[in-house]
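Participant: compute the structure for the input listed below.
(4 chains)
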There are 2 protein chains.
Amino acid sequence: MRDTRAALIDAAIATLRESGFAAASARRIAAEADCNQALVFYHFGSVSDLLMAALEEVSGRRMAAYRELLDRTGTLGELIDGARTVFEADLDSGNVTVLAEMISGSHSVPGLGERVSVCLAPWRSFAETAVRDVLASSPFGSLAPAGEIAHGVVAGLLGLEMLAGLDGDRSSALALFDRARALADVLDRIRPLTGLLTLAPPARPAPPAPAARPGALCRPTW
Amino acid sequence: MRDTRAALIDAAIATLRESGFAAASARRIAAEADCNQALVFYHFGSVSDLLMAALEEVSGRRMAAYRELLDRTGTLGELIDGARTVFEADLDSGNVTVLAEMISGSHSVPGLGERVSVCLAPWRSFAETAVRDVLASSPFGSLAPAGEIAHGVVAGLLGLEMLAGLDGDRSSALALFDRARALADVLDRIRPLTGLLTLAPPARPAPPAPAARPGALCRPTW
DNA sequence: GTCTATAGCTGGATAGAC
DNA sequence: GTCTATCCAGCTATAGAC
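Facilitator: Numbering: from 1, shown residues only, chains lettered A, B, ... in the order given. The predicted model follows:
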């Protein structure tokens, strides 16, 4: 029955979100889904496979929702507003908690890391598209390739959500979004200065530089 | 014996780093430390308490190493170089992996979240000090309070390290640091334009704004 | 497709010898 | 402080009735 599969996936998502990877056992998930423990293995083969299915489901839900947002981002400021909306919605729904649990949980199950990594690709390419759109219509396109910035955006959202999930305080993160919004408004206003902002592209700029005590910065003792 | 305590803490760190929270059982840690499983409970009372001791140990090691770095950060560029050094050293040592495992693992153990949160405070205040030093000697001090930026820095490092740990690719993150370094060099050069960059401080700037379809951005359907 | 029952294992935690 | 031995709970996974 298709209902049972779906119920198990929903229960897996709920369990990952509320109790974490370490507590996401077949028994606990089945209880959450009000069905028998053996059905986990009948429908998915193993607990890990069920958890991966849950992650893919979450990934799909996010993609659908994000694509709506993508249509609306024109300026840098709008992109940041979009990111803020995404951030809050993800916190409410627990989607990123599920991702974070799977990322760190994948250290405990051989081979799971690669599968999670594959599942993350659409999120990155979504962010990349959004960033590229904004860069194209702004004078800051030369700052960095969209792929690099997108990696930073995904990492930043992940980190912010983990911290917010830890102590329940989302205001620190929201304040950052508001600052970024204000900064973006300024940047959108100083386009004429573009020439100043063309940077030499890749490659490490210089050796560790201000070597007062040479080598001291290179290999710390921890 | 003090040696056993230390050995167990080291083994707990190694286990968290290599096999994750879900696999960090008393038996496995004791095996890693070449000692008896019952000693975990004799010395620490419970597995969670041992894991917390491990996190505190890691936290302490990082503080010591970071404080050295702090003495050397003067300009924005130097701060970013410092962050880059920290990032690589943490990846090599696995320190942030331990933190990430404990953050997500804390969802599985009642009360653990608060303890991890407390343990995170020094990291944030370290970042805040570093940021404040740089802001004070730059024209961008008015962009945002150091505490807000520090929160973003900690979140960014956490997210970047989780992604790097997932697929073993640290080059995406390093490229970002190099971009940031180049940007910082430019910013250090355009101090005269300071006036342009004074922003209205707190408070959300405006309602969701470009409401082509009003309300569509506010409550996505996932 | 769903259930019960169970094998076989690993987990946290304790008691008690040394 | 360290070890052995042990209790019992919970886990994955499978076999087999329905």
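Participant: spell out which parts of chain A neighbour DNA strand C.
Facilitator: By Cβ under 7 Å from any atom of the strand, the residues of chain A that approach DNA strand C are A:1-4, A:35-39, A:42-43. Where C-beta positions appear, they are placed from N, C-alpha and C, glycine not excepted.
Participant: same list, those residues, but as TSV with secondary structure and pLDDT please.
Facilitator: Putting those into TSV (DSSP: H, G, I helix; E, B strand; the rest coil; pLDDT from 0 to 100) gives the following:
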residue	secondary structure	pLDDT
A:M1	coil	65
A:R2	helix	73
A:D3	helix	94
A:T4	helix	97
A:C35	coil	97
A:N36	coil	98
A:Q37	coil	98
A:A38	helix	98
A:L39	helix	98
A:Y42	helix	98
A:H43	helix	98
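Participant: who's in contact with A:A23?
Facilitator: A:15, B:107-108 (Cβ atoms under 8 Å, 6 or more residues apart in numbering or on different chains).
Participant: out of those residues, who's nearest A:S137?
Facilitator: B:H107 (40.5 Å; Cβ to Cβ).
Participant: any idea how far the closest one is from A:R115?
Facilitator: Distance of B:H107 to A:R115, given as Cβ to Cβ, to the nearest Å: 21 Å.
Participant: tell me which of those two has more neighbours.
Facilitator: The neighbour comparison of B:H107 against A:R115 (other Cβ atoms under 10 Å in any protein chain shown) goes to B:H107, with 24 against 18.
Participant: surely that one meets A:S19?
Facilitator: Yes. The pair formed by B:H107 and A:S19 meets the contact definition of Cβ atoms under 8 Å, at 6.1 Å.
Participant: circling back to that earlier point, widest-spaced pair of the residues of chain A next to DNA strand C?
Facilitator: Largest separation among these by Cβ to Cβ: A:R2 and A:Q37, giving 19.4 Å.
Participant: can you list the residues of chain A next to DNA strand C in JSON lines and add neighbour count and distance to A:L76?
Facilitator: Compiled in JSON lines, the residues of chain A next to DNA strand C are given as follows (neighbours: other Cβ atoms under 10 Å in any protein chain shown; distance: Cβ to Cβ, whole Å):
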{"residue": "A:M1", "neighbour count": "9", "distance to A:L76": "48"}
{"residue": "A:R2", "neighbour count": "7", "distance to A:L76": "44"}
{"residue": "A:D3", "neighbour count": "9", "distance to A:L76": "45"}
{"residue": "A:T4", "neighbour count": "17", "distance to A:L76": "46"}
{"residue": "A:C35", "neighbour count": "18", "distance to A:L76": "48"}
{"residue": "A:N36", "neighbour count": "13", "distance to A:L76": "52"}
{"residue": "A:Q37", "neighbour count": "14", "distance to A:L76": "50"}
{"residue": "A:A38", "neighbour count": "10", "distance to A:L76": "53"}
{"residue": "A:L39", "neighbour count": "19", "distance to A:L76": "49"}
{"residue": "A:Y42", "neighbour count": "11", "distance to A:L76": "50"}
{"residue": "A:H43", "neighbour count": "18", "distance to A:L76": "45"}
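Participant: ok, and which of these reach DNA strand D?
Facilitator: Checking those against DNA strand D (Cβ under 7 Å from any atom of the strand), the matches are A:37-38.
Participant: close to chain B as well: tell me which of the residues of chain A next to DNA strand C qualify.
Facilitator: Checked against chain B using Cβ under 8 Å from any Cβ of the partner chain, those give no members in range.
Participant: could you pull out the helices in chain A for me?
Facilitator: Ranges of helices within chain A are A:2-19, A:26-32, A:38-44, A:47-70, A:76-93, A:95-105, A:112-136, A:146-167, A:171-189, based on DSSP state H.
Participant: pick the most buried one from these.
Facilitator: helix A:95-105 (a mean of 26; mean count of other Cβ atoms under 10 Å in any protein chain shown).
Participant: got the CA coordinates for that helix in CSV?
Facilitator: The C-alpha coordinates for helix A:95-105 follow below in CSV (Å, rounded to 0.1, in the frame of the first residue of the first chain):
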residue,chain,number,x,y,z
ASN,A,95,13.8,20.6,6.8
VAL,A,96,17.4,21.7,7.4
THR,A,97,17.4,19.9,10.7
VAL,A,98,16.7,16.7,8.8
LEU,A,99,19.6,17.5,6.4
ALA,A,100,22.0,18.3,9.3
GLU,A,101,21.1,15.1,11.1
MET,A,102,21.7,13.1,8.0
ILE,A,103,25.0,14.8,7.3
SER,A,104,26.4,14.1,10.7
GLY,A,105,24.7,10.8,11.0
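Participant: remind me what it packs against, helices and strands.
Facilitator: helix A:2-19, helix A:47-70, helix A:112-136, helix A:146-167, helix B:95-105, helix B:146-167 (3 or more Cβ pairs under 8 Å, 6 or more residues apart in numbering or on different chains; DSSP states H and E).
Participant: need the pLDDT of A:L91.
Facilitator: With respect to pLDDT, A:L91 scores 94.
Participant: same deal with A:T73?
Facilitator: So, for A:T73, pLDDT stands at 71.
Participant: isn't A:V58 up against A:A12?
Facilitator: No. The pair A:V58 and A:A12 does not pass the contact test of Cβ under 8 Å, sitting 9.7 Å apart.
Participant: residues contacting A:D10?
Facilitator: Residues in contact with A:D10 (Cβ under 8 Å, 6+ apart) are A:A33.
Participant: can you tell me how far it is from A:L174?
Facilitator: 28 Å.
Participant: likewise for A:F44?
Facilitator: According to Cβ to Cβ, A:F44 stands 37 Å off from A:L174.
Participant: likewise A:R5?
Facilitator: Applying Cβ to Cβ, the value for A:R5 to A:L174 is 37 Å.
Participant: what would the helices and strands packed on helix A:95-105 look like in a markdown table with distance to B:L69?
Facilitator: Formatted as a markdown table, these follow (distance: least, Cβ to Cβ, whole Å):
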| stretch | distance to B:L69 |
| --- | --- |
| helix A:2-19 | 36 |
| helix A:47-70 | 36 |
| helix A:112-136 | 30 |
| helix A:146-167 | 20 |
| helix B:95-105 | 14 |
| helix B:146-167 | 13 |
